[in-house]
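I'll drop the sequence and a predicted model, then ask my questions.
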Amino acid sequence: MNGQPCAHKIACVFSGMFVTLFLVLVAYAEIEGRWFPLYLSCMVAQLLALVVWLIWISHLIWLLSRRPPIFGRRIPPWAGFLGGVLVLFVAFQVGRQTAGIVRVHETRKAIDAGLRDDCMKLLLNWPVKDDRIEDFAPEFAKLPASIRMFEPTYVKNDMINEPDLPPNIGLCKNGFGGFAMGVRVFRSDQDAKKYEIATEGECERIAPCVYIWWHST
């Protein structure tokens, strides 16, 4: 008789290990894909998280089907499935919030290194004829450290091809199909507001004149 409670405790430990591994994988995937969700490491972590979740939810349903009644009532296995779905939803929400915190932290580090002033100087002295400087271009290595440390895919100056838009320097972190996500630095918050009205997308103000920007591409 003593063996059954012991086996049940071991099964509960395994269930806790599965859900912990799932939560770690979700957090890793969301943080790794905070700027660009199509990174291979991010997609692999998401796939592994899904596999672990399926294993865990199956184990949880099995565990509930064999668990002794609590206060004279047995928890139905389908309740375990609903609980697993709830954990899945909460895990991804927490993961996204954590990824957002990391994005803001990276942006603030660049701001502390002089990002705004450096971008304004770059706006006045744009070194190329095109509207962007790719990260592999020779001119990229000559950009200020505050811009390079942010590791953008490319740096963009909308004034070159779109002079009607408020001037800004865009640091693109996700160039899949265009400027999908990154940071934009404006001369003023009023310019940022005008830019938001004139274009499609969403933004988050991090500091005066500095915004994380999402574009529909």
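Yes, it's here.

Identify the single longest helix in the chain, thanks.
helix 77-112 (DSSP state H).

Distance of the residue nearest the centre of the chain relative to Gly100?
Centroid-nearest residue in the chain, with CA atoms, centre = their mean: Arg34, separated by 2.1 Å. Distance, Arg34 to Gly100, using CB to CB, to the nearest Å: 7 Å. Using the backbone N, CA and C atoms, a C-beta is placed for each residue, glycine as well.

Going along the chain, name the strands of this protein.
Using DSSP state E, the strands of the chain run over 132-134, 154-157, 168-174, 181-186, 202-207, 210-214.

In JSON lines, list these along with mean pLDDT.
Shown next, in JSON lines, are the strands of the chain (pLDDT from 0 to 100):
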{"stretch": "strand 132-134", "mean pLDDT": "95"}
{"stretch": "strand 154-157", "mean pLDDT": "96"}
{"stretch": "strand 168-174", "mean pLDDT": "96"}
{"stretch": "strand 181-186", "mean pLDDT": "97"}
{"stretch": "strand 202-207", "mean pLDDT": "96"}
{"stretch": "strand 210-214", "mean pLDDT": "97"}
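
Minimum distance to Ala45: which of those has it?
Nearest to Ala45 among the strands of the chain is strand 168-174; the distance by CB to CB comes to 17.5 Å.

So what are the sheet partners of that closest one and their directions?
strand 154-157 (antiparallel), strand 181-186 (antiparallel) (DSSP bridges).

Of these, which is nearest Arg108?
Smallest distance to Arg108 across these (CB to CB): 10.7 Å, for strand 181-186.

Can you tell me what sits against that closest one?
35-36, 107, 110, 115-116, 119-120, 150, 152-153, 166-174, 192, 195, 203, 206, 209-215 (CB atoms under 8 Å, 6 or more residues apart in numbering).

Distance from it to the middle of the chain?
Centroid displacement of strand 181-186 relative to its chain, using CA atoms, centre = their mean, to the nearest Å, is 16 Å.
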